[in-house]
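Participant: with the sequence up front, the predicted model follows.
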Amino acid sequence: MKIIIGGAGAVGTHLSKLLSKDHQDCVLIDDNIDRLTGLESRYDIMTLHGSPNSIQTLKEAGVEHADLFVGVTPDESRNMNACMIAHALGAKKTVARIDNYEYLAPNLKSFFETMGINSLIYPEVLAAHDITNGLKMSWVRQRWDVHDGALIMLGIKLRETCEILNQPLRTLCGPDDPYHIVAIKRADETLIPGGNDELRVNDIAYFMTTREYIPYIRKISGKEHYADVKNVIIMGGSKTAVRVALTTPDYMNVKIIEMDEQRCERLNELLNDADTMIIHGDGRDIGLLQDEGIQNTQAFVALTDNAETNILACLTAKRLGVRKTIAMVENLDYVEMAESLDIGTIINKKTLAAGHIYQMMLDADVTNVRSLMMVDSDVAEFVAAEGSRVTKKAVKDLGLPFGVTIGGLVRHEQGILVNGNTQIEAGDSVMVFCHEQNLKKVEKYFKANVLW
């Protein structure tokens with residue numbers, strides 16, 4: 001598959017890294033030579049110095065043969081313009097990174113397609129969705145819903161209060177049990193667990209379950225004493241903060257602390273109807289936090305542009321008694337450090353955006369892809385095609401690649417947990433956990449008429 005990426009910023013570079021592991025034919029374009037320096041030697045991609053809006057540059061990149069063109073420069077207009085040019089020159093699909101929420105209206109989809117733009121990605125909206133989901137469950141590090149919650153994956157940090165520690169998983173996750181453990185993060189190691197593996201203190205365990213058993217998972221993981229989130233303090237009045245404030249449930253009280261006075265005025269205009277309090281000040285100021293009721297706050301969300309600031313602010317909030325902390329960490333080098341400091345939930349916009357774009361490159365019917373930074377893995381929702389290999393045998397006999405496990409499926413809107421004897425049927429939406437970039441190896445199991 002031939003993919004051309006316009007823009008070697010955070011999203012474009014991370015997407016190139018994903019594609020290089022799949023050995024895709026990838027060309028990365030940028031008009032800043034410094035951004036491209038060294039990328040060809042690190043990743044299996046080709047770089048091209050030039051403007052993504054240049055017809056000549058796009059032709060040099062081979063856009064007429066491109067299966068996908070991705071515009072992810074920091075400039076929304078450049079991205080959309082580049083997609084239109086790429087489409088006119090022959091690119092089969094295009095996707096543009098945007099920062100105008102108005103463009104995401106469902107009724108505009110056909111309008112943009114007529115312009116040659118097949119899909120729009122707004123990373124701040126993706127991040128806000130994850131943050132809002134996390135605030136609804138104070139005791140969960142990560143949550144991923146399939147088919148409006150027919151199946152749910154929960155990433156949970158296990159403490160001494162967990163009831164299922166130090167027991168073989170074969171005694172905990174049988175065919176009739178209401179959850180499966182699909183992965184375990186232990187220090188720097190990721191485990192795809194078998195029946196003899198056990199859960200230990202400080203593991204992050206990834207549970208696959210259905211909506212009705214969430215209270216049960218909360219009980220056995222020892223999280224019933226965690227207070228539900230009612231009061232939220234957000235540090236940094238970014239676009240992501242605005243989207244979070246507009247999408248949090250009505251029962252949550254949200255305060256945004258922002259250092260820039262002009263930005264505070266703008267936030268007041270944007271959130272006039274959202275019942276959000278805007279505070280001019282420094283979210284790291286302990287005195288200010290105490291004045292704003294940090295002692296009665298259940299969640300602290302750090303969304304400034306500086307990863308170090310966000311990490312330190314979350315540490316301060318935890319020291320002041322806040323249980324739920326969420327940090328925006330754009331530098332992937334800091335993710336492991338943030339986890340080792342027990343920050344809480346880590347949000348990275350570029351991995352979210354890259355995951356959404358990545359699913360467009362898979363030939364099988366994939367409706368959703370989620371990257372799990374903590375375990376260097378992806379969770380994907382594949383739809384089994386008629387006659388596909390995954391429908392031919394029971395799960396235990398499929399010969400799935402190492403590092404791949406199937407956690408559950410949705411059939412006729414009903415969530416079903418999968419075990420070795422499960423027979424997948426055509427049309428099932430199947431949740432697949434893939435460690436270390438195995439998605440391309442997995443997709444052929446779900447495609448029709450694949451020769452083996």
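Facilitator: Perfect, I can see it now.
Participant: rest of the way, CA atoms for contacts and neighbours
Facilitator: OK.
Participant: where does the chain dip in pLDDT?
Facilitator: Across the chain, the ranges flagged by pLDDT under 70 are 22, 359-376, 436-438, 449-452.
Participant: give me the element the residue nearest in space to the middle of it is part of.
Facilitator: Note on the chain: the residue nearest the mean C-alpha position is Leu352, at 3.9 Å, using C-alpha atoms, centre = their mean. In the assignment (DSSP states H and E), Leu352 maps to helix 349-358.
Participant: what of Leu199?
Facilitator: Counting by DSSP H and E, Leu199 is found in no helix or strand.
Participant: picking up where we left off before, could you report the separation of the residue nearest to the centre of the chain from His65?
Facilitator: 27 Å (C-alpha to C-alpha, to the nearest Å).
Participant: hmm, back to that, and the helix holding Leu352, what does it pack onto?
Facilitator: Packing contacts for helix 349-358, counted by 3 or more C-alpha pairs under 8 Å, 6 or more residues apart in numbering; DSSP states H and E, involve helix 10-21, helix 123-136, strand 365-372.
Participant: mind putting those into TSV with mean neighbour count and distance to Gln423?
Facilitator: Converted to TSV, the helices and strands packed on helix 349-358 look like this (neighbours: other C-alpha atoms under 10 Å; distance: least, C-alpha to C-alpha, whole Å):
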stretch	mean neighbour count	distance to Gln423
helix 10-21	21	31
helix 123-136	21	32
strand 365-372	19	19
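Participant: helix, strand or coil: sort out Val430 for me.
Facilitator: strand (DSSP: H, G, I helix; E, B strand; the rest coil).
Participant: looks like it contacts Ala384 (just checking).
Facilitator: Yes: the criterion here is C-alpha atoms under 8 Å, and Val430 meets it with Ala384 at 7.3 Å.
Participant: the two: which is more packed in?
Facilitator: Val430 (28 against 25; other C-alpha atoms under 10 Å).
Participant: Three-state assignment for the residue lying closest to the more buried one once chain neighbours are set aside, please.
Facilitator: Excluding its sequence neighbours, the residue lying closest to Val430 (C-alpha to C-alpha, 6 or more residues apart in numbering) is Leu409, at 4.2 Å. Put simply, Leu409 is strand when judged by three-state DSSP.
Participant: measure Leu409 to Gln423 for me?
Facilitator: Using C-alpha to C-alpha, Leu409 is found at 11 Å from Gln423.
Participant: higher neighbour count, those two?
Facilitator: More neighbours surround Leu409 than the other of Leu409 and Gln423, with 26 against 14 (other C-alpha under 10 Å).
Participant: quick one: the strands in the stretch 101-250 of the chain?
Facilitator: Remark: strands assigned in the stretch 101-250 of the chain by DSSP state E, counting those that start in this stretch are 119-121, 142-146, 151-157, 179-186, 189-191, 204-209, 231-235.
Participant: make a markdown table from those and add distance to Asp275 and mean neighbour count to it.
Facilitator: Putting those into a markdown table (distance: least, C-alpha to C-alpha, whole Å; neighbours: other C-alpha atoms under 10 Å) gives the following:
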| stretch | distance to Asp275 | mean neighbour count |
| --- | --- | --- |
| strand 119-121 | 28 | 21 |
| strand 142-146 | 26 | 19 |
| strand 151-157 | 30 | 24 |
| strand 179-186 | 38 | 23 |
| strand 189-191 | 42 | 15 |
| strand 204-209 | 34 | 24 |
| strand 231-235 | 13 | 24 |
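Participant: switch those strands over to JSON lines; also include distance to Asp130.
Facilitator: JSON lines is the format used below for those (distance: least, C-alpha to C-alpha, whole Å):
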{"stretch": "strand 119-121", "distance to Asp130": "15"}
{"stretch": "strand 142-146", "distance to Asp130": "8"}
{"stretch": "strand 151-157", "distance to Asp130": "12"}
{"stretch": "strand 179-186", "distance to Asp130": "20"}
{"stretch": "strand 189-191", "distance to Asp130": "22"}
{"stretch": "strand 204-209", "distance to Asp130": "16"}
{"stretch": "strand 231-235", "distance to Asp130": "15"}
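Participant: quick check: which of those strands is nearest to Thr57?
Facilitator: Among the strands of the stretch 101-250 of the chain, the nearest to Thr57 by C-alpha to C-alpha is strand 119-121 (22.3 Å).
Participant: ok, residues contacting the closest one?
Facilitator: Thr94, Val95, Ala96, Arg97, Ile98, Leu104, Lys109, Glu113, Ala353, His356 (C-alpha atoms under 8 Å, 6 or more residues apart in numbering).
Participant: try 6 Å this time
Facilitator: Val95, Ala96, Arg97, Ile98 (C-alpha atoms under 6 Å, 6 or more residues apart in numbering).
Participant: sounds good, over and out.
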